[in-house]
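Asks: Quick check, what structure comes out for this input:
(chains A and B)
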Protein chains: 2
Amino acid sequence: MMRNLLLFTLFICQFTPLGQKPPLDLVRWVNPLIGTHKMGHTYPGATAPFGMVQLSPDTDTIPYEVNGKYNKDVYKYCAGYQYDDPTIVGFSHTHFSGTGHSDLGDFLIMPTTGKLQLNPGTEANPEKGYRSKFSHDHEKAEPAYYRVQLEDHNILAELTATNRVGMHQYTFPKSEESHIILDLMHGIYNYEDKNVWTFIRIENDTLITGYRQTNGWARTRTVYFAMAFSKPFTSYGNKDYSKAQVYRGFWRKFDQSKNFPEMAGKQLRTYFDFKTEEGEKIKIKFALSPVSTQGAVANMRAEVPHWDFERVKQESQAQWNQELGRVKAALPTKDDYINFYTALYHTFLGPTTYMDVTGQYRGLDQNNHQANGFTNYTTFSLWDTYRALHPWFNLVQPKRNADMVSSMLAHYDQSVHHMLPVWSHHANENWCMIGYHSVSVIADAIMNGTYTGNANRALDACVATARQGYYDGLQYYMQLGYVPEDKNGSSVSKTLEYAYDDWCIAQVAKKLNRQDVYQEFSRRAQNWKNVYDKSIGYMRPKLSDGTFKKEFDVLSTHNQGFIEGNAWNYSLYVPHDPAAMIQAMGGNKRFVPHLDSLFTMHLPDEFFADTEDITREGIIGNYVHGNEPAHHAAYLYNWTDQPWKTQERVRMILKKQYQPTPDGLGGNDDCGQMSAWYLFSSLGFYPVAPASGEYALGSPTVKEATLQLENGKTFTIEAKNQSDRNVYVQKVELNGKALNRPFLAYADIAKGGKLTFYMGGKPRK
Amino acid sequence: MMRNLLLFTLFICQFTPLGQKPPLDLVRWVNPLIGTHKMGHTYPGATAPFGMVQLSPDTDTIPYEVNGKYNKDVYKYCAGYQYDDPTIVGFSHTHFSGTGHSDLGDFLIMPTTGKLQLNPGTEANPEKGYRSKFSHDHEKAEPAYYRVQLEDHNILAELTATNRVGMHQYTFPKSEESHIILDLMHGIYNYEDKNVWTFIRIENDTLITGYRQTNGWARTRTVYFAMAFSKPFTSYGNKDYSKAQVYRGFWRKFDQSKNFPEMAGKQLRTYFDFKTEEGEKIKIKFALSPVSTQGAVANMRAEVPHWDFERVKQESQAQWNQELGRVKAALPTKDDYINFYTALYHTFLGPTTYMDVTGQYRGLDQNNHQANGFTNYTTFSLWDTYRALHPWFNLVQPKRNADMVSSMLAHYDQSVHHMLPVWSHHANENWCMIGYHSVSVIADAIMNGTYTGNANRALDACVATARQGYYDGLQYYMQLGYVPEDKNGSSVSKTLEYAYDDWCIAQVAKKLNRQDVYQEFSRRAQNWKNVYDKSIGYMRPKLSDGTFKKEFDVLSTHNQGFIEGNAWNYSLYVPHDPAAMIQAMGGNKRFVPHLDSLFTMHLPDEFFADTEDITREGIIGNYVHGNEPAHHAAYLYNWTDQPWKTQERVRMILKKQYQPTPDGLGGNDDCGQMSAWYLFSSLGFYPVAPASGEYALGSPTVKEATLQLENGKTFTIEAKNQSDRNVYVQKVELNGKALNRPFLAYADIAKGGKLTFYMGGKPRK
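Replies: Residues are numbered from 1 along each chain as shown, chains lettered A, B, ... in the order given. Got it, this is the predicted structure:
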């Protein structure tokens, strides 16, 4: 009690931004609408920290393909919502945050009034379907709370959520014909055969259960639900939009379209009828489970055993305040607060909880498993998140990060490929992107002592993964020391990333004294050298005959041996040994101007068109912040004699790439990776090589920030004389002692203490 | 020990048929090929008593529909096998026995040699696919054992099974190119979209797991498997015959067709390559589970922890001998032995076990459940089996029958309709046929004291079922006292069967002193009177305005208010009160000639064409033994002054309708109902009204038979002076005391004792 009071007092004293009261209520700085316009691919709806339910409005239902052809427009709707859309189709319960490919959008709910319409209608003619026009003037998004006025139906929609339960509150007008639609045909990245099977049971006049099984980005995915109404419906019905089932058989005894409690098929929509008084609220609790409808019912009863919408909202927002309170930052401007805490919010959206309150979850083998001693998480966008998001967790959410490692090891145990996850979600491996970056996350957690499970078992999983020959050119890589472009595309990116991952494995092997593994993977970690073409100074695709590919353009990303980054960007990718890389590239003298030009050159439009997932604003010169491969690039000056250029560049990127507006993210947030970059960089350091135990220093934007560590310690970053102009670090002190190198150890933070930056307007060369 | 020896000695003394050694080896009398030709719809393959696995050859793969139209030929293949077919497609693991509609045929295995062919080929050109010609000369079917020479591949195929594991043994020739195909596209009553999803994992070089999910007669069904080889394969492959999946996505990294261990899609075939020496045996253990692949692996390990094919065969056959030994019969001829023990075999094929060794099973709600204190069974063809099969179980398998009641009550608990099963299989209600005859099975078990669970709970389930208004005309029935034909077809059959079922409920209510229920359902039991048209002496469809339907033909079954039986047959259906029915129909004088004519008249071809499921041989006059509604009819003479006609008719039916040949069954065996009729009638009695506690006596064909009851008692039927000519009962003694009525009480059998028939060549009028 005394201690809390003391902390509170300290807190009061430390925070006086803008001359306001202290921002104990951190939730208010979060704007979930940031990133919902253009390429951010975030969603504005209600979710709890790392919650299984992401209850959010969907503004359109663009099909993934039309007449068997990929429909480019679907890409905008990775998270279901685009800020400039005029209508809302309804509210569905699962959304990725910031991904560059998509899935989910399960179980759309829409309240309507008037004549029942079971089709969603179109943006151009919303009145011909159940969707509704809406205005941002009557929309509000907060952590765990979303509100919007549905103009066409005169209904106020409010959403909140606990971990596994979405709660809806609809305020109706007086109407004899009020409806709530549950659309199981709806989905994100949907197409005709995406629903493999759906199943609905009307258990009684307030409880519905069922599931949706899809074949999408996740090849074999099932999500179960339980849905409860605060008020009994007066009648209900189903419509089956599937092709006629061949075996209707004796089901024809029944009129299944009206008040019949069991439906199954591929394309189902269900509705529930109510009579409502003016201002009457109908609430819905909608629970998910990866395991069963039984599980969903149990989740609902455990997490929301009442009908108090306000209470759920308050408790979930309190939870958000608690999580956001892990970093207490003092920032120069209101916009900085919004950017900072929205970034923090974005990093805490996922990976998401993937188990019932009982610990049961669906495994990769499609069997149900019990999570013993850990919380099982899913949605590992590892190609993105190994860089900064997991290192960020390792710092501010080490317990969750260790559980994520346990979740990856469970995945490994259930993998018929004997591989750790590459890009996994909802009991599926989708194999998206390249590398085997689970090993980076695991190594980071082991090296920094935050994963306390069986490290040898974890290392075995890493080794087995890295030796799976049929995976993405690995057999060649193991034989030749590189992936040959004529055998396996994006070969340079793969070689470089494998080499980094192998270095991670070697570090763990060394720590565990597994000499054979250490030797093997230390050797493999050198493989980046095999794709470096000294004659041109770039990484370059090599063929299986050992010669470099002749046709080659360092600016193009199209069929040049790279993915989501051209040779210019990817040639800088040796995070585990920048010094050797700089050496190979000619030392400081040649390297620094080369790196300078990355940020200053102009990337011609023809090459920009090749990059994916980003707006033109996602690029600075030829540096593509909207994609990940060069996320560490600005920090590479620290390995040269001109670290002040890191400080300058980082500040420029922070300023240009993050805005407190719906279109404020220049590229996909990628499950929090972009936001984690922002947070690290704002605090003044960045994990160039996770698992190294070290951060490269940059230039903080915070005036002060305190990390509340789970070990009970705090670590404070202070930036003296900090301003928009004073971006250059004059000196740095750790606990009052000067730091001589522009690097900071994880261990130094974990011990607690203070890092003080002295800022100035001129570089300290 | 002494006691067993004593029993054995008694047994030796009692059985000396044909002057042979006693038939302790009862298995040898069973011919699983009986009923495999034409309409019997039995399967010849290997299965354990009430086993989950029915591993049997399929001789064709006729699709259920062609160009969107029902393909009549598919009907022949309800059990996958037709005796006159020249080829075998392969061996699949699930089959119904004797049904009149179908499903299943999961996981077809076929061993081949030579060039790999993944399509099944056609009967006309078997060499163009993996199927093979075969000959009955090189085929052998026994309980739990099936053997056939696959001519095209020069492979001897042998099959055996435990409850949950099918075991294959293939004797190969020397070949560099031997294959074993696992076809997940195959199925019974298959059609293009029947596979909702299938999933395969090659766990290692001897273990495969996966599942098949179908939308067929069971609307939402999934069956899981684990498959182990006795020898590692050298390579393997998959082919996906599905329409291209929209989201192949990053799975394109892999060549999934060859040595890639994970496949999912709608139309998959997998093969495994071997090199074999001359005479080399490759064995397969193939375990099923209704719950998970984990469950299937556990089932395999628990039931067959070795590779000894002979041992499995011997143990399963020993189990069959034990089950068949529940009735030790002495019969006049070898054919009688074959008929009798094959009938007994057929009654013990199902309902089938539907839970893992752990007690886990998939419930009707698609959740997994634990069977606490009972074995969960599935495949309840209740419209057929409530008549004689379940009463038969109640006598010779009361423990299993009580578990079947528990399984039905679990179904009820999981039913969103709050209904007991109508026709259920594999965690599905398929609603086939009419009535709610679970209540008859439950009442029979409660009234005879063999169900010892909570009878009040069971009664509540019966009552809830019987009051479910939206079920098949029940709302009208409850309002009007009959189902009106203009509102709901087959209305007379429904009214009559509901009335009988209601009487069953009333009996239980009376026993439990539930007066209100007793009153309500006793009233409802009288409803048969509402569809009896005194003016013509037949049951007749009535309209909702209370008038009888004008257009009406007593011989036709087409749109006359009946199903699987015309007015002639169905008008005799008041099993719970034959006396009142006879009274209504004009008493003995009018009724007896009327009943006589049923058997002697000629049913014109035009009306025969209306009947379903039976061959012309399935009819005697206008009596349709091949369908069920009149199964009790021959016993009705017992309620008149001429019971000798029952004796005569029963003997005629036994002789005409059951032959020890592949085409020896005149109609579908209907999951054992036809066979149970045979067994009861052979023993000399039949349960006209299950739950009445009484059997009507007929004319035994056994010379002697002893029922080994589970309570440790035995009950012996002796027929003195029995022969093909001496079909008339002269007198009957129970434990030496004359029986004055042609009826026998269940309780008298349960007490143990002896029933002696004295037979003669002339009726005792």
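Asks: got the contact list for the closest residue to chain B within the stretch 151-300 of chain A?
Replies: Distance from chain B to each residue of the stretch 151-300 of chain A (C-beta to the nearest C-beta) is smallest for residue A:250, at 3.6 Å. Using the backbone N, CA and C atoms, a C-beta is placed for each residue, glycine as well. Neighbouring residues of residue A:250 by C-beta atoms under 8 Å, 6 or more residues apart in numbering or on different chains: B:422, B:423, B:430, B:431, B:432, B:433.
Asks: and with 6 Å instead?
Replies: The neighbours of residue A:250, taking C-beta atoms under 6 Å, 6 or more residues apart in numbering or on different chains as the test, are B:431, B:432.
Asks: Same check on residue A:374?
Replies: A:403, A:406.
Asks: let's go with 8 Å and repeat that
Replies: With C-beta under 8 Å, 6+ apart, residue A:374 has these contacts: A:402, A:403, A:406, A:407.
Asks: Spell out which helix or strand contains the third one, please.
Replies: Assignment of secondary structure by DSSP states H and E places residue A:406 within helix A:398-414.
Asks: If you count contacts, what does that helix end up packed against?
Replies: Packing partners of helix A:398-414 (3 or more C-beta pairs under 8 Å, 6 or more residues apart in numbering or on different chains; DSSP states H and E): strand A:377-378, strand A:380-381, helix A:389-396, helix A:438-447, helix A:455-466.
Asks: which strands and helices sit next to the first one?
Replies: What it means is strand A:377-378. strand A:352-353, helix A:398-414.
Asks: Quick check: which of the ones you listed is nearest to residue A:530?
Replies: helix A:398-414 (28.1 Å; C-beta to C-beta).
Asks: relative orientation of the closest one and helix A:389-396 in degrees?
Replies: 130 degrees (axes from the mean of the first three to the mean of the last three C-alpha atoms, to 10 degrees).
Asks: buried ones in helix A:398-414?
Replies: A:398, A:400-412, A:414 (16 or more other C-beta atoms under 10 Å in any protein chain shown).
Asks: What's the first helix or strand after that helix?
Replies: Helix A:398-414 is succeeded, C-terminally, by strand A:423-424 (DSSP H and E).
Asks: Packing partners of that following strand?
Replies: strand A:380-381.
Asks: So for the residue of chain A positioned farthest from its centre, what pLDDT did the model give?
Replies: Ranked by distance from the centre of chain A (C-alpha atoms, centre = their mean), the top residue is residue A:253, with 48.0 Å. Per-residue pLDDT puts residue A:253 at 91.
Asks: Let me know the secondary structure of the nearest residue to it once chain neighbours are set aside.
Replies: Ranked by C-beta to C-beta, 6 or more residues apart in numbering or on different chains and with sequence neighbours excluded, the top spatial neighbour of residue A:253 is residue B:472, at 5.1 Å. Here residue B:472 is recorded as coil under DSSP: H, G, I helix; E, B strand; the rest coil.
Asks: I'd guessed residue B:472 sits against residue B:488; true?
Replies: Yes. Here residue B:472 lies in contact with residue B:488, judged by C-beta atoms under 8 Å, at a distance of 6.6 Å.
Asks: quick one, phi/psi of the residue of the stretch 351-500 of chain A at minimum distance from chain B?
Replies: Nearest to chain B in the stretch 351-500 of chain A, going by C-beta to the nearest C-beta, is residue A:431, at a distance of 3.7 Å. For residue A:431, the backbone dihedrals (degrees, to the nearest 10) come out as phi 60, psi 20.
Asks: Quick check: it vs residue A:442, distance?
Replies: Distance of residue A:431 to residue A:442, given as C-beta to C-beta, to the nearest Å: 19 Å.
Asks: same question, residue A:152
Replies: 50 Å.
Asks: same thing with residue A:698?
Replies: 26 Å.
Asks: returning to what we had before: out of the helices and strands packed on strand A:377-378, which comes closest to residue A:662?
Replies: Closest to residue A:662 of the helices and strands packed on strand A:377-378 is strand A:352-353 (C-beta to C-beta; 23.0 Å).
Asks: Given that closest one, what are its sheet partners and their directions?
Replies: Each strand paired with strand A:352-353, and its direction, by DSSP bridges: strand A:377-378 (antiparallel).
Asks: before we move on, the earlier item: please enumerate the shared neighbours of residue B:472 and residue B:488.
Replies: Common neighbours of residue B:472 and residue B:488 (C-beta under 8 Å, 6+ apart) are residue B:494.
Asks: low-confidence ranges in the stretch 1-150 of chain A?
Replies: A:1-24 (pLDDT under 70).
Asks: At the contact with chain B, which residues of it appear?
Replies: A:64, A:65, A:101 (C-beta under 8 Å from any C-beta of the partner chain).
Asks: Out of those, list just those in strands.
Replies: Members of the residues of the stretch 1-150 of chain A next to chain B lying in strands (criterion: DSSP state E): residue A:65.
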